[in-house]
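S.K.: Here is a sequence with its predicted model. Questions after.
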Amino acid sequence: MTHPLLVVEQVHKAYATNPVLRGIDLTLDKHEVVALIGASGSGKSTLLRCVNGLESIDAGRIVLGGTVEVSALDADLDVVRRRVGIVFQSFNLFPHMNVLDNITLAPRKVLGQQRAAAEITARDLLDRFGLADKAFGYPDRLSGGQQQRVAIVRALAMDPELMLFDEITSALDPQLVGEVLDVVRELSESGMTILMATHEMAFARDVAHRVCFLDGGVVLEQGTAEQVFDHPRQDRTRDFLARTRGR
Amino acid sequence: MTPVTPDVGSPYVDPVRRDLMHRKARRDVLVASASLVAFVVVAVVFVSTAPGWPTVQELFFSGESFSASIGEVLSAFWLNVRIFLIAEPAILVLALAIALVRGTSAPVMFPLRVIAAIYTDIFRGIPTILLVLLLGFGVPALNSDGITNEPLVWGTVALVLSYSAYVAEVFRAGIESVHPSQRSAARSLGLSASQTSRYVVLPQAIRRVVPPLLNDFISLQKDTALVSVIGPIEALRQAQIDSSFTFNFTPYVCAALLFIALTVPMTRFADWLNARAAKQRNAGGSA
Ligand SMILES: Nc1ncnc2c1ncn2[C@@H]1O[C@H](COP(=O)(O)OP(=O)(O)OP(=O)(O)O)[C@@H](O)[C@H]1O
Ligand SMILES: [Mg+2]
């Protein structure tokens, strides 16, 4: 029997008195690519941060790989985070390290890899995403698109089972968005399981196997891209899509 | 008109413009020098025509007294340098430890956090000279075996206590200036809290606090003179002794010159680091 890679069950999360998540249910199978859409402030980032334990939840369960309960109070979050990669909107590369060190830090210190072995993996990944000549560059000398691709490579170097992308193109100039989306597309084609918050509707339609619309702290509607984008069942989904198209 | 295509690495500057810029630079240097000379002349005339000048010159700038005392003051000054060289590393280690303890959140660390907070409050609150006096006279009065009565040791300890409380706050400010997203990014890669501190937060924090730390070093170099109040004969105390024998204040000027000679290179270095950091920030901002 195979279990889903990620199960999110009735998750609640409030910041002080602001309830952000109010009963989220979401399941991801291996190799699935799921897009989270929803208005600004609807809790997309919060949900992603809960999934890899950067935020604790107030109620519900988050289970990884059928066995690891991320939401347990005594969960070993370092173990969870080894299996789940996350890439943020603002890249968050380490500015005092060159690209290669950014990428190899966690494999060396967390997985205990030798520097040489970690660097071989890193260079392969850099090659694969067209960054081979940037290995010794520092983050502030890279374009936004390059920085974001390095951030993706840094997460991939830990060989995660699940990748979380939090609006990874929204801090980029329009002409740089494409190069980052191409990376995500390649990852999805290679079978990576991906949960991504995004404002890029065209991209979500293109790549996501499933689209989830977050509203009022719950997954209000989900389905294939066609179902959600072309035949939304909920009025609020229709409103949201009309507003994003209007922009 | 033929377009000028500069080759990579040699930026193209309009020759006429460059000529004008060079001329302006020469003029600026000329004006600066003339203004300096004028200022010095006025200052010298003002001081040397003051009615008390010959007395001041004899009391503070006597060549004879200078050559008589410079040797002694200089060898006493070696003690200031040694106090500094021993106190400084101790301060850095202690201060970093305090800053790290205060930054922890684990419940087990609670007692240490309280101690560290009290430590900073107390030792930052007491004037350094008072701390030197308290330890220098207080500890020997305890009369306990196994504890040295050497005033030099307790004077140095007082400096370490006082400065480490300050420097800990400098470190703490540096650690807090590293954006929380750096910590999130490190933790999300599976690095533990202490690995995150060691490899991600501290290297960035320390880089940022080097200029203010150098400032504190400079201050410490001067404050080594404070241990003189409990007896050790360092430069200030030696100058005092010499001066009381000859009724001439020139030995003090000797000591002052020695302190300046020690602090100026450090000050220049701090300025240079500050300028470089500012330049890097600007470069980072436009990238
Ligand atoms: N650390 C925090 N402390 C307090 N409130 C927070 C915090 N992080 C998020 N919030 C609040 O939680 C709500 C959801 O924020 P979240 O960032 O998850 O939304 P989002 O869907 O990702 O929005 P966006 O599309 O703008 O990124 C917002 O009202 C936000 O103000
Ligand atoms: Mg967000």
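M.R.: Cool, the structure landed. Ligands and ions are numbered 1, 2, ... in the order given.
S.K.: avg pLDDT for stretch A:100-108?
M.R.: Mean pLDDT, stretch A:100-108: 96.
S.K.: cool, stretch A:185-195 as well?
M.R.: 94.
S.K.: Does it reach ligand 1?
M.R.: No: counting by Cβ under 6 Å from any ligand atom, ligand 1 is not contacted by stretch A:185-195; separation bottoms out at 12.9 Å. Just so you know, the C-beta spots here come from the backbone N, C-alpha and C atoms, and that holds for glycine as well.
S.K.: How about that stretch and chain B, any contact?
M.R.: No: judged by Cβ under 8 Å from any Cβ of the partner chain, stretch A:185-195 makes no contact with chain B; its nearest approach is 13.8 Å.
S.K.: Would you mark the buried spots in that stretch?
M.R.: Neighbour-count burial for stretch A:185-195, with 16 or more other Cβ atoms under 10 Å in any protein chain shown as criterion, is recorded at A:Leu187, A:Ser188, A:Met192, A:Thr193, A:Ile194, A:Leu195.
S.K.: Quick one: end-to-end distance for stretch A:213-226.
M.R.: Using Cα to Cα, to the nearest Å, the end-to-end distance of stretch A:213-226 comes out at 13 Å.
S.K.: what distance separates it from the middle of the whole chain?
M.R.: 17 Å (Cα atoms, centre = their mean, to the nearest Å).
S.K.: for stretch B:186-194, same thing?
M.R.: With Cα atoms, centre = their mean, you get 35 Å for stretch B:186-194.
S.K.: ditto for stretch B:76-96
M.R.: The answer for stretch B:76-96 is 12 Å, by Cα atoms, centre = their mean.
S.K.: pLDDT weak spots in the stretch 1-150 of chain B?
M.R.: B:1-10 (pLDDT under 70).
S.K.: contacting residues around stretch A:5-13?
M.R.: Outside stretch A:5-13, the residues within contact range by Cβ atoms under 8 Å, 6 or more residues apart in numbering or on different chains are A:19-30, A:32, A:43, A:46-47, A:50-51, A:55, A:57-66, A:71, A:161-162, A:193, A:195, A:217.
S.K.: Please apply the same query to stretch B:182-200.
M.R.: A:49, A:52, A:54, A:77-79, A:81-82, A:85-86, A:88, A:92-94, A:105-106, A:109-110, A:154-155, A:158, B:100, B:103, B:178, B:201, B:204.
S.K.: Kindly export the longest helix seen in chain A (C-alpha atoms) in CSV.
M.R.: Using DSSP state H to define each element, chain A has its longest helix at helix A:174-189. Only the C-alpha atoms of helix A:174-189 are listed here, as CSV (Å, rounded to 0.1, in the frame of the first residue of the first chain):
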residue,chain,number,x,y,z
PRO,A,174,9.3,40.3,-15.3
GLN,A,175,12.1,39.3,-17.8
LEU,A,176,13.7,37.1,-15.1
VAL,A,177,10.6,35.2,-14.2
GLY,A,178,10.9,32.8,-17.1
GLU,A,179,14.3,31.4,-16.2
VAL,A,180,13.1,30.5,-12.7
LEU,A,181,9.8,29.0,-13.9
ASP,A,182,11.8,26.8,-16.4
VAL,A,183,13.6,25.3,-13.4
VAL,A,184,10.4,24.5,-11.7
ARG,A,185,9.0,23.0,-14.9
GLU,A,186,12.1,20.8,-15.3
LEU,A,187,11.8,19.6,-11.7
SER,A,188,8.2,18.7,-12.1
GLU,A,189,9.0,16.8,-15.3
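S.K.: Mind giving me the packing neighbours of it?
M.R.: helix A:144-156, strand A:193-197, helix A:201-207 (3 or more Cβ pairs under 8 Å, 6 or more residues apart in numbering or on different chains; DSSP states H and E).
S.K.: Redo the ones you listed as a markdown table? Include distance to B:Arg82.
M.R.: Listed next are the helices and strands packed on helix A:174-189 as a markdown table, based on distance: least, Cβ to Cβ, whole Å:
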| stretch | distance to B:Arg82 |
| --- | --- |
| helix A:144-156 | 47 |
| strand A:193-197 | 60 |
| helix A:201-207 | 66 |
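S.K.: Which of those sits closest to B:Ser33?
M.R.: helix A:144-156 (47.9 Å; Cβ to Cβ).
S.K.: average pLDDT for the closest one?
M.R.: 94.
S.K.: contacts for that helix?
M.R.: Contacts of helix A:144-156 (Cβ under 8 Å, 6+ apart): A:85-88, A:91-93, A:99, A:102-103, A:106, A:122, A:125-126, A:129-131, A:134, A:139, A:142, A:163, A:168-169, A:171-173, A:176-177, A:179-180, A:183-184, A:187, B:188-189.
S.K.: any idea how far B:Ala116 is from the residue of the stretch 1-150 of chain B found nearest chain A?
M.R.: Nearest to chain A, among the residues of the stretch 1-150 of chain B, is B:Ser105, at 13.4 Å (Cβ to the nearest Cβ). The spacing between B:Ser105 and B:Ala116, counted by Cβ to Cβ, to the nearest Å, is 13 Å.
S.K.: Which secondary structure element is home to B:Pro265?
M.R.: For B:Pro265, the host element (DSSP states H and E) is helix B:250-286.
S.K.: Give the pairing partners of the helix or strand bottoming out on mean pLDDT in chain A; include direction for each.
M.R.: In chain A, no helix or strand scores lower on mean pLDDT, DSSP states H and E than strand A:68-69, which sits at a mean of 83. According to DSSP bridges, strand A:68-69 has the following sheet partners: strand A:59-64 (antiparallel).
S.K.: outside of the helix or strand containing B:Pro211, which residues touch it?
M.R.: Taking DSSP H and E as the criterion, B:Pro211 maps to helix B:202-223. If you take Cβ under 8 Å, 6+ apart as the criterion, helix B:202-223 is touched by A:94-96, B:80, B:84, B:87-88, B:91-92, B:128, B:159, B:163, B:166-167, B:170-171, B:173-175, B:177-178, B:182, B:259, B:262-263, B:266-267, B:269-270, B:273-274, B:277.
S.K.: wait, is the residue of the stretch 1-150 of chain B closest to chain A part of a helix?
M.R.: No: B:Ser105: not assigned to a helix; according to DSSP: H, G, I helix; E, B strand; the rest coil it is coil.
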